[in-house]
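1. sequence and predicted structure below; questions after.
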Amino acid sequence: MALKHLLTSCSGFVLACLLAVTVQVYLFSPISPVSLELPPPSSSPLPQNNILQRVIKLGDGVLLKPEDIALDKEGTLYTATRDGWIKRLHRNGSWEDWKMLNSHTLLGITITNEGDLVACDVDQGLLKVTENGVTVLASHVNGSKIRFADDVIEASDGSLYFSVASTKFGLHNWYLDVLEAKPHGQLLKYDPSSNETSILLEGLGFANGVAVSEDQDYLVVCESWKFRCLRYWLKGEKRGQKEIFIENLPGAPDNINLAPDGSFWIALLKLTSDGLEFVHSSRAAKHLIATSGKLVELVSGLHKKATVVNVGADGKIIKKLEDPNGSVMSFVTSAVEFEDHLYLGSLQNNFIGKLPLNVA
């Protein structure tokens, strides 16, 4: 009887603890998640390869996680690093610490037609960087602070189009946006003639890379956790309308860049570790994971692979390049083509990968 009473008491205590933990997780969870549909495993028509393991490492030991890359007309390469620098690589192979922005949250960059650099800063918004200093171009839209400026591109008329990844979460906890799976992203436009910023699209699934087409007719904006990119028309009968450009990508699209032939290079992220895909269909699992940085790290597959795809203007994948186990490059966030080479940025590696496209 005493043993039975003890077991009953212990069972009651364990159940009470489980109930308390469950209530704690649900009441204090930072997310209100819904189920996320992942693309089918067979969504990529191209076989696996290890081409990205052949990269030449530029700036190894000089750069700290260079997320994005831009090149000017002379071939000078610019990148923003996690320690707050805009660094540039000159044609003669020398690196220069060009501008210190005192920010650890620099993301997408672009070079304008006038030769200035424009950068997205998660905390400050849209910045213009010149030899004379730094100017904040856009910090608010419709009276609200721009929270998570992510990537930017200039059109031929000087307009700047840029993405806001999430209006709810920040850079330090961006994966919560993936777990919540509710669209908080935006596509914005900055008009330099009026200094005004406007919202073009809202309700995007972690709006990320932005590129303008070769003929300047449309933008392509990436939605990372929707595994797709949208086409937003700038001209013609469809002006102001959106449509799917490509969907069911074999990874979450990060930055996108126009290639010289009119196609696009898109960096793809591995959002989830193999075998843990079920997490995205379980609200309970999402709530639990969201309470622990270590669990988020366990679920995320960002550091386990690198993938970039070349996509034609028709939205069809032409080529896929990979490091399938992340042994040389992982968490590749950008791919820029220049003079028959592909330059690769990453939030994991402390170098820029340079790949001759004749081996790809």
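-> Here it is on my side, so go on. Please read all numbers here as calculations on a predicted model, not as lab measurements.

2. every contact and neighbour count from this point should use C-alpha atoms.
-> Noted.

3. show me the strands in the stretch 201-350 of the chain, by range?
-> 207-212, 218-223, 228-233, 242-246, 252-258, 264-269, 306-311, 317-323, 332-338, 341-346 (DSSP state E, counting those that start in this stretch).

4. tabulate those in CSV, adding columns for mean pLDDT.
-> Output for the strands of the stretch 201-350 of the chain, formatted as CSV (pLDDT from 0 to 100):
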stretch, mean pLDDT
strand 207-212, 98
strand 218-223, 98
strand 228-233, 98
strand 242-246, 98
strand 252-258, 98
strand 264-269, 98
strand 306-311, 98
strand 317-323, 97
strand 332-338, 98
strand 341-346, 98
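
5. could I get these as TSV with distance to L276 and mean neighbour count?
-> Below are the strands of the stretch 201-350 of the chain laid out as TSV (distance: least, CA to CA, whole Å; neighbours: other CA atoms under 10 Å):
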stretch	distance to L276	mean neighbour count
strand 207-212	24	29
strand 218-223	21	26
strand 228-233	21	23
strand 242-246	25	16
strand 252-258	16	28
strand 264-269	15	28
strand 306-311	18	26
strand 317-323	21	19
strand 332-338	21	27
strand 341-346	24	24
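
6. dump those to TSV, plus distance to L71.
-> Putting the strands of the stretch 201-350 of the chain into TSV (distance: least, CA to CA, whole Å) gives the following:
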stretch	distance to L71
strand 207-212	15
strand 218-223	20
strand 228-233	24
strand 242-246	26
strand 252-258	12
strand 264-269	15
strand 306-311	19
strand 317-323	21
strand 332-338	8
strand 341-346	10
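
7. nearest to I86, out of these?
-> strand 341-346 (13.5 Å; CA to CA).

8. in stretch 272-290, what counts as buried?
-> T272, S273, E277, V279, H280, S281, R283, K286, H287, L288, I289, A290 (16 or more other CA atoms under 10 Å).

9. for the fourth one, give me its contacts.
-> The one in question is V279. A285, K286 (CA atoms under 8 Å, 6 or more residues apart in numbering).

10. from H184, how far out is it?
-> For V279, the distance to H184 (CA to CA, to the nearest Å) stands at 20 Å.

11. what's the burial count for the closest residue to N325 other than its chain neighbours?
-> Nearest in space to N325, with sequence neighbours left out and distances taken as CA to CA, 6 or more residues apart in numbering, is K305 at 5.0 Å. If you count neighbours by other CA atoms under 10 Å, K305 ends up with 22.

12. with D340 instead?
-> D340: 11 neighbours (other CA under 10 Å).

13. Three-state assignment for V34, please.
-> Following DSSP: H, G, I helix; E, B strand; the rest coil, V34 is assigned to coil.

14. do V152 as well
-> strand.

15. can you check L179 too?
-> Once three-state DSSP is applied, L179 turns out helix.

16. let me see the contact set for it.
-> I31, P33, L36, H280, K286, A290.

17. ok, now which ones touch the closest residue in space to the third one that isn't next to it in sequence?
-> Think L36. Take L36 and drop its neighbours on the chain: the residue closest to it by CA to CA, 6+ apart is H280, 5.2 Å away. By CA under 8 Å, 6+ apart, the residues touching H280 are S35, L36, E37, L38, L179, K286.

18. go ahead and confirm the first one touches A284.
-> No. Using CA atoms under 8 Å as the test, S35 is too far from A284 to be in contact (10.5 Å).

19. contact partners for L230?
-> Applying CA under 8 Å, 6+ apart, we find L230 in contact with V220, V221, C222, E223, K242, E243, I244, F245, I246.

20. ok, which stretches of this protein are helices?
-> Applying DSSP state H to the chain gives helices spanning 2-27, 175-180, 283-290, 293-299.

21. what's the distance between the residue most central in space within the chain and P260?
-> For the chain, the residue nearest the mean C-alpha position is D254 (3.5 Å; CA atoms, centre = their mean). Separation of D254 from P260 (CA to CA): 20 Å.

22. what does V332 give?
-> From V332 to P260 the distance is 21 Å (CA to CA).

23. low pLDDT regions in this protein?
-> Along the chain, segments meeting pLDDT under 70 span 1-28, 42-44.

24. if we can go back for a sec, tabulate the buried residues of stretch 272-290 (CSV), appending distance to N325.
-> Output for the buried residues of stretch 272-290, formatted as CSV (distance: CA to CA, whole Å):
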residue, distance to N325
T272, 14
S273, 11
E277, 18
V279, 22
H280, 22
S281, 25
R283, 29
K286, 26
H287, 29
L288, 28
I289, 24
A290, 26
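
25. closest to S139 out of those residues?
-> Using CA to CA, A290 comes nearest to S139 of those, at 28.7 Å.

26. check contacts around that closest one.
-> S29, P30, I31, L176, L179, V296.

27. mind listing what the first one touches?
-> Going back to what we said before, that points to S29. Counting by CA under 8 Å, 6+ apart, S29 has contacts H287, L288, A290, T291.

28. distance of it from T291?
-> Taken as CA to CA, the span from S29 to T291 is 6 Å.

29. show me where the stretch 1-150 of the chain has strands.
-> Counting by DSSP E, counting those that start in this stretch, the strands of the stretch 1-150 of the chain are 56-58, 69-71, 77-80, 85-89, 95-100, 106-111, 117-121, 125-130, 133-138, 140-141, 144-145, 149-154.

30. out of those strands, indicate the one that is most buried.
-> Comparing those by mean neighbour count (mean count of other CA atoms under 10 Å), strand 149-154 ranks first with a mean of 28.
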